[in-house]
Structures are given as structure tokens and as C-alpha cells.
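> Any chance you can model this:
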Amino acid sequence: DPADVPALPQVGLTVLPTRTIYEFRGAGVQVTLTFMTPMLPDDLDILSRPVTYLTWDVRALDVKPHAVQVYYDHSAELTVDVPDQAVVWSREKIGEMTVLRQGSKDQPILAKPGDNRRIDWGYMYVAATAEAAAKGALASGKVTRGAFAAGKALPADDTRMPRPAMDEDPAAAMVLDLGKVGAAAVSRTLILAYDDIYAIEYFQTRLRPYWRRGGMEAADLLKKSAEEFEALAKRCRAFDEELMADFTKAGGEKYAR
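This next block holds a predicted model:
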């Protein structure tokens, strides 16, 4: 999307306990896209964090340097139960990070019972560290995607809010500049987080999520997530290798998969 932009051919997919890894090749480069959620069962503080990392590793397949940029966006529909609910958005100042935030206007915390419900309280964050050289925009996804595909800068933030999530698809968009990429891989990472503020109602008492138990707020969560990324990536790789080896030993490769 846009439909007239050809997709980069996918050549591989690996699904692991804490990571899903996609491989793409085309236009003279190889792109590895890793979704990592560090749900490490021996560390409840890490396990309970509502955080996923998206990492792009890009390298050239030929001897030529390639100018590479990566575009990402998500819709504000992720923050509401139904698309006609009104949403709001803002930029957040958290250290040197580029941070975009979206959430429902009304914030009906733990207000709706029943099945077939989607969370419509709390806030969705996308954050990039200063090293990621990211540019962000809070605007119509169609507009931001179109601008990137046309080689233009992202538009200014849209100020028409609150408005329904289905009204011109208010999105949080990021462009990551990898510069000139050669044979050595160049990496960029985005942090996705969802702060639900209160997680459960237990005997008429609203309770905070476990990751907040030491007084941590959303800004603290994003800071720690950025600071600990490299260490968590190593722990996730080690955990995935150990668990997959255990599964393979117990029942073979098909059982492990």
C-alpha cells in the first residue's frame, strides 16, 4: 500500500518463541525484518512489559552502495473498540527519542464487559531512539504512505482532532534513514508499546499492570526498553535457541516448529 508500489519479494520466514523473522530480497538489497517480544518466563518484569521491537537489518547483495529508507505506520484503529470512536494523538518528549502517541478521546477505562471487545483505553506509542535518525508524522495514513512512495517528506502533523478512527485513517508514521548501505548490514529499530493504565478490575478495585508495580510510567517504560534492547535481544536469542533445542530433542524438528 499504495497498490501501485511493488512488494519486495519475501524469501524466508522463521517463527521462534520470542521472535518472528522475515527475509526479503530485491532492488539489490536483502532486508531482514524481526518482530521481537521479550516474553521471557523467568523474568516477570520483562515478561509483563507491553513492548515489541521491530528491527530492520539491510545489506547490499551487490558491490554497489544503496540509499535506503524504511517506512512504518500503524492506524489509530488499534486504540479503539470500533472504528467510529474518536481518537486523539500527540508527540511526546522522552529524552532524545522521537515518540508518537495515539489513544481514544473518551478513555473508557475497563468500562465494557463481554466478548468481541478491543481495548479502547490507554495509549499506543511508537518510539525511535536518536540514533535511528527517524522522522515522524501524525496524519492520514494514505497521505503519509503516498508521500513516502513519491520520495517526498512526511507531511506536517494533522491537527483535525478528535475525529473517528475511520475518518481518513489517522496514523502514526515513521521514516528511518539507513543512509548508504553496502555489504555490511545496517540496522534500525522501532519500539512499539501500549500503556493500558489499568489492566484489570478485581472485586471492584482497579489494578495497575504488573510492569508498573515499582511506579514506572510510560516514559520510563520506553526509556528502559531503549536502554535494554541490545541485552534483551541477546537474551531472546539464547532463550529461543535453548527452547527450540529442547523441543527438537523431545519430538523432532516438526514438533519444534
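> which outside residues touch stretch 11-28?
With contacts defined as C-beta atoms under 8 Å, 6 or more residues apart in numbering, stretch 11-28 is touched by 8-10, 30-40, 60-62, 64, 66, 236-237, 239-240, 243-244, 257. The way it works is simple: take the backbone N, C-alpha and C, and place the C-beta from them, glycine included.
> Among those residues, which ones are in strands?
10, 30-36, 60, 66 (DSSP state E).
> Mind checking which of those are buried?
With burial judged by 16 or more other C-beta atoms under 10 Å, the buried subset of the ones in strands among the contacts of stretch 11-28 is 30-34, 36, 60, 66.
> and the longest helix belonging to the chain, which residues are buried?
Determined from DSSP state H, the single longest helix within the chain is helix 229-256. For helix 229-256, a neighbour-count test (16+ other C-beta under 10 Å) marks 229, 232-233, 235-236, 239-240, 247 as buried.
> And the strands in this protein?
Using DSSP E, strands in the chain cover 10-15, 19-26, 29-36, 51-60, 66-75, 86-94, 97-104, 123-128, 134-140, 163-164, 170-181, 186-195, 200-202, 205-207.
> Most tightly packed of those strands?
strand 123-128 (a mean of 24; mean count of other C-beta atoms under 10 Å).
> Roughly how far does residue 132 sit from residue 220?
In this view, residue 132 and residue 220 are 20 Å apart by C-beta to C-beta, to the nearest Å.
> and those two? which has more neighbours close in?
residue 132 (22 against 14; other C-beta atoms under 10 Å).
> Surely that one touches residue 190?
Yes - using C-beta atoms under 8 Å as the test, residue 132 is close enough to residue 190 to be in contact (7.4 Å).
> Mutual contacts of these two, please.
residue 176.
> Identify the residues contacting the spatially most central residue of the chain.
Most central in the chain under C-alpha atoms, centre = their mean is residue 192, positioned 3.4 Å from the mean C-alpha point. Neighbouring residues of residue 192 by C-beta under 8 Å, 6+ apart: 51-54, 74, 124-126.
> now it: how far from residue 115?
Distance from residue 192 to residue 115, by C-beta to C-beta: 25 Å.
> cool, and residue 46?
Distance from residue 46 to residue 115, by C-beta to C-beta: 30 Å.
> Which of those two has more residues huddled nearby?
Neighbour tally, residue 46 and residue 115, criterion other C-beta under 10 Å: the higher count belongs to residue 46, 19 against 4.
> Go ahead and confirm the more buried one touches residue 210.
No - counting by C-beta under 8 Å, residue 46 does not reach residue 210; the two are 10.6 Å apart.
> Give me the neighbour count for residue 77.
Considering only other C-beta under 10 Å, residue 77 is surrounded by 20 other residues.
> Could you verify my assumption that it touches residue 166?
Yes - in this structure, residue 77 is within contact of residue 166 by C-beta under 8 Å, at 7.0 Å.
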